[in-house]
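>>> Everything below, folded, please.
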Amino acid sequence: MEIKFTVWMDNEKLCKLVGCDNDVKLSNKMITWEELLKCNKSWLGELIAGEYDNYIIKRLYTGLRDKNGKEIYEGDILSGSNENYFTIEWNKNEARYSLKSTEKNLSVSISVLDRLEVIGNIYENKNLLKGGKR
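Predicted coordinates for the structure are as follows:
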C-alpha cells in the first residue's frame, strides 16, 4: 500500500502561533503532504514533528478507491445512489476501515465501495453529515 496524506489546517489558529504572512495559501482547505512540504516556512519542521497537532489534521490514504477510482482518505464522505452518506473511519477494534452511516448508527462493509463515490470530507463539507445536500 502506498503511504499518502492530506492535511487539514486551521489556518487562523495556526497563524496566531507561528506568525503567518497574509499570503499563506493553506487557509482551511485540504492540501496534499507534497504541497505542505513545498511551503518552505520556518515552522514546517515543527509542524511535521507534531508540535502543532492541535491545529492540523493529518488524513491517511486508506489504500482504497471509490467507484470512479478516486483515492479515499480517512474522514471522506461517500454517497450511494439513494443519497445515503457514509464516512470512512478506522475501526481500531477490528484493525480495518469501515463505512459508518451519517444518519443511522450503522456500519457497512467496505466491500460496497464499488457502488459509492467520494463527495467530500468531514472537514470541508460538514453540511453533508446531517443529511444536507451537495
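
>>> what distance separates the start and the end of stretch 91-102?
16 Å (Cα to Cα, to the nearest Å).

>>> Kindly list the longest strand within the protein.
Longest among the strand segments of the chain by residue count, using DSSP state E, is strand 56-65.

>>> who does the next helix or strand after that strand pair up with?
The first helix or strand that comes after strand 56-65 along the chain, using DSSP states H and E, is strand 71-73. For strand 71-73, the pairing partners within the sheet under DSSP bridges are strand 56-65 (antiparallel).

>>> got the CA positions of the strand it pairs with in PDB?
The C-alpha trace of strand 56-65 is given here as PDB (Å, rounded to 0.1, in the frame of the first residue of the first chain):
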ATOM      1  CA  ILE A  56      -3.800  20.300  11.900                       C
ATOM      2  CA  ILE A  57      -5.400  17.000  11.000                       C
ATOM      3  CA  LYS A  58      -3.300  14.500   9.000                       C
ATOM      4  CA  ARG A  59      -5.600  12.300   6.900                       C
ATOM      5  CA  LEU A  60      -4.100   9.000   5.900                       C
ATOM      6  CA  TYR A  61      -4.800   7.400   2.500                       C
ATOM      7  CA  THR A  62      -6.700   4.200   3.100                       C
ATOM      8  CA  GLY A  63      -5.400   2.300   0.100                       C
ATOM      9  CA  LEU A  64      -9.000   2.100  -1.200                       C
ATOM     10  CA  ARG A  65     -10.700   3.800  -4.200                       C
END
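
>>> still on that earlier bit, got the buried residues for the longest strand of the chain?
Neighbour counts using 16 or more other Cβ atoms under 10 Å place I56, I57, K58, R59, Y61, T62 of strand 56-65 among the buried residues. Quick note: C-beta positions are derived from backbone N, CA and C, even for glycine.
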